[in-house]
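# turn this into a structure:
(chains A, B, C and D)
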There are 2 protein chains.
Amino acid sequence: MPRGGARLGAGRPKGQGKYREPTKPIRIPESLLGGVMEFISTEGYNLPLYSCAVQAGFPSPADDHIEGKLDLNKYLIKHPTATFFVRAAGDSMVNAGIHSGDILVVDRSLEAKHGKIVIAAVDGQLTVKRLHKSKKDTYLMPENDNFEPIKFEENSEVVIWGVVTNVLHQV
Amino acid sequence: MPRGGARLGAGRPKGQGKYREPTKPIRIPESLLGGVMEFISTEGYNLPLYSCAVQAGFPSPADDHIEGKLDLNKYLIKHPTATFFVRAAGDSMVNAGIHSGDILVVDRSLEAKHGKIVIAAVDGQLTVKRLHKSKKDTYLMPENDNFEPIKFEENSEVVIWGVVTNVLHQV
DNA sequence: ACTTTTGAATATTGTACGATATTCTAATTA
DNA sequence: TAATTAGAATATCGTACAATATTCAAAAGT
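Residues are numbered from 1 along each chain as shown, chains lettered A, B, ... in the order given. Next comes the predicted model:
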């Protein structure tokens, strides 16, 4: 004998799947499969960002500190095709907060303006310096008194690779 | 009349597709579709890492500086489910390379050992300090002479949230 | 002999579909 | 009347499949 029957609200409810939301099948290159799986399982590496800043009003519980969610790749990399990293060596830029071993995020698509910290190839060697432009000359300035400025000649072997946007320091 | 015919090597060659390699269809939650697309188009945000370090032998062209490829999320986040970020405020840790406005990567799964920089909630307020453990006492030490150490009592309102692994500084 | 045309062969790709999982309610049972 | 059960309804998921794209070389044309 029949049981159940036509009625409103029968059937499996939406959002009961593995991801609690609808999905779409798309094709993934095999080499990126693992990465995509991880990307999904971490929800796109969107991790919470809290704030140390003093809150208005009375001292508040933990949740009130939350500022939002952050994906480091999206936060640090504005132009994926124009970005690369450089591992800093030496202490010529400690005053700018760049220590030996730090990873520098470099954007090749940004204009190398006066005052920006840039990566330059000098004599086939990569160096990180602050760009100092005046009406007459352009210099690559270290931020450490033990090092000498490098004069930037138009037809010299000095090539600016890109502008440093962030420093990743290991504590 | 028939043309062509059975023969070796006929047909579309492998690796001619959009991704130059075989693909597999998998289901993606709709909310992550955009992120996954971006992830694929940037090949998993794997960007080149160059080295400033002095190379052995004669000055070398650009390619010789390459150290490999780097995905920031993988590099900075070892335990995705236990990691969160904190935006630093104030100057109490400048000597440790932490400036106001920096993003701190915090791993909740690491043990807060002596000497580690930690995020702690003190009076409902998040602060970043260096953990100083001696036989008798535990202190939260600022790395700036203008600030006072905070004594860590077992039953106090001080709770350690996690260990700072990296500092992301904007130049 | 060289060029062009044409169908065969095979990789690629988006999506339709069968199988499964889950939940609801009416019918049945205690 | 309350607890249980079976069938209906519908979302979900992996993958098979049809349609497409691309290349190759034999046949036809010049």
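# how far out from the middle of the chain is the top strand by length along chain A?
Scanning chain A for the longest strand, with DSSP state E as the assignment, gives strand A:159-170. In this view, strand A:159-170 has its centroid 11 Å away from the chain centroid, taken as CA atoms, centre = their mean, to the nearest Å.
# just stretch A:83-92 next, same as before
Counting by CA atoms, centre = their mean, stretch A:83-92 is centred 15 Å from the centre of its parent chain.
# how long is it from one end to the other?
Across stretch A:83-92, the terminal residues are separated by 23 Å (CA to CA, to the nearest Å).
# that one close to chain B?
Yes: residues of stretch A:83-92 contacting chain B under CB under 8 Å from any CB of the partner chain: A:Thr83, A:Phe84, A:Phe85, A:Val86, A:Arg87, A:Ala88, A:Ala89, A:Gly90. Any C-beta I mention is one placed from the backbone N, CA and C, and that applies to glycine too.
# keep only those of those that are in strands.
Filtering the residues of stretch A:83-92 next to chain B for membership in strands, criterion DSSP E, returns A:Thr83, A:Phe84, A:Phe85, A:Val86, A:Arg87.
# can you redo those as TSV with distance to B:Leu76?
Listed next are those as TSV, based on distance: CB to CB, whole Å:
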residue	distance to B:Leu76
A:Thr83	15
A:Phe84	16
A:Phe85	12
A:Val86	16
A:Arg87	14
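# any idea how chain A splits into domains?
According to automatic domain parsing, chain A comprises the domains A:30-76, A:80-168.
# which residues of chain A lie near DNA strand D?
Residues of chain A found near DNA strand D (CB under 7 Å from any atom of the strand) are A:2-7, A:10-19, A:21-23, A:25.
# can you list contacts of stretch A:133-142?
The contact list for stretch A:133-142, computed with CB atoms under 8 Å, 6 or more residues apart in numbering or on different chains, reads A:92-93, A:113-114, A:118, A:120, A:122, A:127, A:129-132, A:148-152, A:158.
# what mean pLDDT does stretch A:115-132 get?
Computed over stretch A:115-132, the mean pLDDT rounds to 90.
# quick one: it near chain B?
Yes: interface with chain B: stretch A:115-132 contributes A:Ile117, A:Ala121, A:Asp123, A:Gly124, A:Gln125, A:Leu126, A:Thr127, A:Val128 (CB under 8 Å from any CB).
# if we can go back for a sec, tell me which of the residues of stretch A:83-92 next to chain B is nearest to B:His169?
Distances from B:His169 to the residues of stretch A:83-92 next to chain B, taken as CB to CB, are shortest for A:Ala88 (12.0 Å).
# not counting its neighbours along the chain, what's nearest the closest one?
Of all residues not flanking A:Ala88 in the chain, A:Asp102 sits nearest, at 4.6 Å (CB to CB, 6 or more residues apart in numbering or on different chains).
# ok, that neighbour - how many residues close by?
Neighbour count for A:Asp102, taken as other CB atoms under 10 Å in any protein chain shown: 22.
# check contacts around it.
A:Arg87, A:Ala88, A:Val167, A:Leu168, A:His169, A:Gln170.
# and of those residues, the nearest to A:Glu67?
A:Leu168 (19.9 Å).
# got a list of what the most centrally placed residue in chain A touches?
With distances taken as CA atoms, centre = their mean, A:Leu76 lies nearest the centre of chain A, 1.7 Å away. The neighbours of A:Leu76, taking CB under 8 Å, 6+ apart as the test, are A:Val105, A:Thr165, A:Asn166, B:Leu72, B:Leu168.
# how about the residues you listed in JSON lines, adding neighbour count and pLDDT?
Shown next, in JSON lines, are those (neighbours: other CB atoms under 10 Å in any protein chain shown; pLDDT from 0 to 100):
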{"residue": "A:Val105", "neighbour count": "23", "pLDDT": "98"}
{"residue": "A:Thr165", "neighbour count": "19", "pLDDT": "98"}
{"residue": "A:Asn166", "neighbour count": "23", "pLDDT": "98"}
{"residue": "B:Leu72", "neighbour count": "26", "pLDDT": "97"}
{"residue": "B:Leu168", "neighbour count": "24", "pLDDT": "98"}
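# now tabulate those in CSV and tack on distance to B:Glu38.
Below are those laid out as CSV (distance: CB to CB, whole Å):
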residue, distance to B:Glu38
A:Val105, 17
A:Thr165, 19
A:Asn166, 19
B:Leu72, 14
B:Leu168, 20
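# from those, which is closest to A:Pro48?
Checking the contacts of A:Leu76 against A:Pro48 with CB to CB, the nearest one is B:Leu168 at 15.1 Å.
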